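Engineer: can't give you the sequence, but here's the structure:
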Ligand SMILES: Cc1cc2nc3c(=O)[nH]c(=O)nc-3n(C[C@H](O)[C@H](O)[C@H](O)COP(=O)(O)OP(=O)(O)OC[C@H]3O[C@@H](n4cnc5c(N)ncnc54)[C@H](O)[C@@H]3O)c2cc1C
């Protein structure tokens, strides 16, 4: 009896590859494998593709509730931008900067003044980047193993900075990593700066300047349309059981699909949503239990009237530590804010949002706010992945290793821009290649 005959007795459908999840990693893997002639089925629990990118028209604008900014120094992202004819739109350059000076006194200055304040600290923080991670695409190859136990807060504490510069540098980093600095490894800082050739200014630009014209969701819809196979929405996978030939994937509706290979694209923090038999290898189990560091919030805020274009920082202890203006009209302005801990701000509580805005940019009247709590969302339980101290060098290789016929494609295990859209695309390409090699050539 062939594997097909054996499993047809219990399975309702057979494919070469089941891809779990229709975010960037899943869609790219599915496109590559299906274009190579393999039969592919994508199962996505949500009622839309895109995963942690999601463009919604609210507050009168197309707002990105998840991933937003891209840059041409992100090679996988840029290749896909070119392939799908996507352009970029610059987020408005700030005319003024706001931060908290010594003793928490509000300061207003120019962009140049703020950069002058943070520059020495920013450089000191990443001074050892070329030893730590000499080559961006090889994140565990340098001296990072010796430095990986260090949190960003630990490292900042060793730097000779005055109170104002320290506070400003802390706020900038908490904005980047979307988590408390005490819980975030220096590996994240080193990786991002290694990815931009050792230049922290370029890292800042790469991570928060250019949006995708037409929105992230439209881009992922275009990728989905180029998958030569079914992308099935509203289908939650509950278990993956490996047999002696392939695996059976079961959905919440009780459907069983037999497949030769599985590509899981679940984030580390959400991996416990599926029961794997045999159980997942130790790196996945451990990382899933421990969770990655990122656990912040992103909130879009409408305020009355036009504002002078600004960006502002509070401290890592504030519910919103970074706030900037994104869309400005005569009637209203739309701001976007980021906080290090999603439990500190209820984005639907306008009083709380008003207080958080006041701490950075007093004098504005909050009219509405929109957010998605990615941490509470069982399909993500994370924002953009940043590691806890020690996690990168301990688990990175293990998280990439296939488990029997189950492969793992996720931005969380990408080499270069791990945590970003670029990393998701990289991981989808990588696992499609590896699964394709194991499947062998097709006649198509
Ligand atoms: C608030 C926020 C801001 C961000 N900002 C940026 C940015 O500016 N620039 C940038 O590059 N990146 C940013 N990111 C990160 C970026 O969005 C992600 O790295 C990327 O989208 C992850 O893609 P992925 O395919 O690896 O994972 P996901 O997009 O999470 O895809 C996994 C998919 O699996 C599905 N799934 C989960 N469980 C199941 C199940 N049991 N059955 C079936 N399907 C399941 C999920 O619904 C999801 O669609 C941001 C993320 C967030 C949340």
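Structural biologist: In hand now; what should we look at? Here the structure is a predicted model, which is why all the values come from computation and not from measurement. Numbering: from 1, shown residues only.

Engineer: Going by C-alpha atoms from here, please, whenever you check contacts or count neighbours.
Structural biologist: Fine.

Engineer: List the contacts of the spatially most central residue of the chain.
Structural biologist: Centroid-nearest residue in the chain, with C-alpha atoms, centre = their mean: residue 384, separated by 2.8 Å. Contact analysis of residue 384 by C-alpha atoms under 8 Å, 6 or more residues apart in numbering lists 67, 177, 178, 294, 419, 420.

Engineer: What are the phi and psi values at the nearest residue in space to the fourth one that is not next to it in sequence?
Structural biologist: This points to residue 294. Distance criterion C-alpha to C-alpha, 6 or more residues apart in numbering; nearest residue to residue 294, sequence neighbours excluded, is residue 179 at 4.7 Å. Residue 179 adopts backbone torsions of phi -160, psi 160, taken as degrees, to the nearest 10.

Engineer: Stretch 315-325 and the ligand, are they touching?
Structural biologist: No: for stretch 315-325, no contact with the ligand is found by C-alpha under 6 Å from any ligand atom; the gap never falls below 13.0 Å.

Engineer: Which is the succeeding secondary structure element to the helix or strand of the chain with the lowest mean pLDDT?
Structural biologist: Within the chain, no helix or strand scores below helix 3-8, which has a mean of 46 by mean pLDDT, DSSP states H and E. Using DSSP states H and E, the helix or strand that follows helix 3-8 in sequence is strand 13-20.

Engineer: Check which helices and strands that following strand is in contact with.
Structural biologist: Packing partners of strand 13-20 (3 or more C-alpha pairs under 8 Å, 6 or more residues apart in numbering; DSSP states H and E): helix 24-35, strand 40-43, strand 256-264.

Engineer: got the buried residues for it?
Structural biologist: By neighbour count on 16 or more other C-alpha atoms under 10 Å, the buried set for strand 13-20 is 13, 14, 15, 16, 17, 18, 19, 20.

Engineer: and that strand, which strands flank it?
Structural biologist: Sheet pairing of strand 13-20 (DSSP bridges) gives strand 40-43 (parallel), strand 256-264 (parallel).

Engineer: so that strand versus helix 24-35, what angle?
Structural biologist: For the pair strand 13-20 and helix 24-35, the angle between their directions (axes from the mean of the first three to the mean of the last three C-alpha atoms, to 10 degrees) equals 150 degrees.

Engineer: Quickly check: strand 13-20 near the ligand or not.
Structural biologist: Yes: judged by C-alpha under 6 Å from any ligand atom, strand 13-20 and the ligand are in contact via residue 20.

Engineer: For that strand, what does the pLDDT average out to?
Structural biologist: For strand 13-20, mean pLDDT rounds to 95.

Engineer: Name the residues of the stretch 51-200 of the chain found near the ligand, please.
Structural biologist: Contact residues (C-alpha under 6 Å from any ligand atom) of the stretch 51-200 of the chain with the ligand: 51, 52, 53, 65, 66, 67, 68, 69, 70.

Engineer: 5 Å instead?
Structural biologist: Within the stretch 51-200 of the chain, the positions lying close to the ligand (C-alpha under 5 Å from any ligand atom) are 51, 52, 53, 66, 67, 68, 69.

Engineer: how many neighbours does the closest residue to residue 424 other than its chain neighbours have?
Structural biologist: Distances taken as C-alpha to C-alpha, 6+ apart put residue 411 closest to residue 424, at 3.9 Å, once the chain neighbours are dropped. Number of residues near residue 411 (other C-alpha atoms under 10 Å) recorded here: 29.

Engineer: so who does residue 411 touch?
Structural biologist: Counting by C-alpha under 8 Å, 6+ apart, residue 411 touches 25, 267, 385, 417-427.

Engineer: ok, now how distant is residue 287 from the ligand?
Structural biologist: Counting by C-alpha to the nearest ligand atom, to the nearest Å, the separation of residue 287 from the ligand is 15 Å.

Engineer: Now do the contacts for the nearest residue to that residue once chain neighbours are set aside.
Structural biologist: Nearest non-adjacent residue to residue 287, counting by C-alpha to C-alpha, 6+ apart: residue 268, 6.5 Å away. If a contact means C-alpha under 8 Å, 6+ apart, then residue 268 has 284, 287, 288, 291, 292, 412 as its contacts.

Engineer: likewise residue 388?
Structural biologist: For residue 388, the contact set (C-alpha under 8 Å, 6+ apart) comprises 151, 183, 184, 185, 292, 293.

Engineer: Quick one: which of these is the most crowded by neighbours?
Structural biologist: Compared across the contacts of residue 388, residue 184 has the highest neighbour count, 29 neighbours, by other C-alpha under 10 Å.

Engineer: now the helices: where do they sit in the stretch 51-200 of the chain?
Structural biologist: Assigned helices in the stretch 51-200 of the chain, in chain order: 75-83, 111-125, 129-132, 144-147, 152-157, 163-177, 186-195, 200-208 (criterion: DSSP state H, counting those that start in this stretch).

Engineer: Rebuild those as a markdown table, extending it with mean pLDDT, distance to residue 138 and mean neighbour count.
Structural biologist: As requested, the helices of the stretch 51-200 of the chain are exported to a markdown table (pLDDT from 0 to 100; distance: least, C-alpha to C-alpha, whole Å; neighbours: other C-alpha atoms under 10 Å):
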| stretch | mean pLDDT | distance to residue 138 | mean neighbour count |
| --- | --- | --- | --- |
| helix 75-83 | 98 | 15 | 16 |
| helix 111-125 | 95 | 20 | 16 |
| helix 129-132 | 97 | 11 | 20 |
| helix 144-147 | 96 | 11 | 18 |
| helix 152-157 | 95 | 21 | 18 |
| helix 163-177 | 94 | 20 | 23 |
| helix 186-195 | 97 | 9 | 26 |
| helix 200-208 | 95 | 17 | 17 |
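
Engineer: what does the stretch 201-350 of the chain have sitting close to the ligand?
Structural biologist: Proximity of the stretch 201-350 of the chain to the ligand is confined to 236, 237, 266 under the rule C-alpha under 5 Å from any ligand atom.

Engineer: Kindly state the beta-bridge partners for the second one.
Structural biologist: With beta bridges defined as DSSP bridges, residue 237 has these partners: residue 251.

Engineer: residues touching it, list them.
Structural biologist: By C-alpha under 8 Å, 6+ apart, the contact set of residue 237 is 20, 43, 44, 45, 249, 250, 251, 252, 274.

Engineer: Mind checking which of the residues you listed are buried?
Structural biologist: 20, 43, 44, 45, 249, 250, 251, 274.

Engineer: Need the phi and psi values for the third one.
Structural biologist: Summarising the backbone geometry of residue 44 under the convention degrees, to the nearest 10, its torsions are phi -130, psi 130.

Engineer: Hmm, residue 18 and it touching each other?
Structural biologist: No: at 10.6 Å, residue 44 does not count as touching residue 18 under the criterion of C-alpha atoms under 8 Å.

Engineer: ok, and what's touching the helix or strand residue 286 falls within?
Structural biologist: According to DSSP H and E, residue 286 maps onto helix 282-290. Applying C-alpha under 8 Å, 6+ apart, the contact partners of helix 282-290 are 268, 269, 270, 271, 272, 391, 395, 398, 399.
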